[in-house]
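Visitor: No sequence on hand, only this structure:
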């Protein structure tokens, strides 16, 4: 349940931010919407990571591919989170920067 709650909460934040960014920079708003949908993938990757951790904990001799699968899942999940953070930072800078025309 936690995976569903946190991913949909973050996705909702991206959707709200895209509404603000839409009037200032359309490209930032589009990226925010893409990242909102990517939260479903991040939740799925988190689930895969958790399952691989359980598999590794149940067996004393950890064998491939579980450590590698866990690492790839975690790196992909954090790449999505990092892209979202960068998008929010760029959007915030655009919002507070003076508009020179």
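Guide: Yep, it's here. Keep in mind that this is a model prediction, so the values were computed, not measured.
Visitor: Would you mind checking which helix or strand in the chain has the lowest mean pLDDT?
Guide: Least confident helix or strand of the chain, by mean pLDDT, DSSP states H and E, is helix 2-22 with a mean of 86.
Visitor: now for it, which elements pack on it?
Guide: Under the contact criterion of 3 or more C-beta pairs under 8 Å, 6 or more residues apart in numbering; DSSP states H and E, helix 2-22 touches helix 26-58, helix 66-96. All C-beta spots, glycine's among them, are computed from the backbone N, C-alpha and C.
Visitor: Can you tell me which of the ones you listed is nearest to residue 1?
Guide: Closest approach to residue 1 among those is made by helix 26-58 (11.2 Å; C-beta to C-beta).
Visitor: so residue 55 touches residue 65, yeah?
Guide: No - with contact defined as C-beta atoms under 8 Å, residue 55 does not count as touching residue 65 (10.0 Å).
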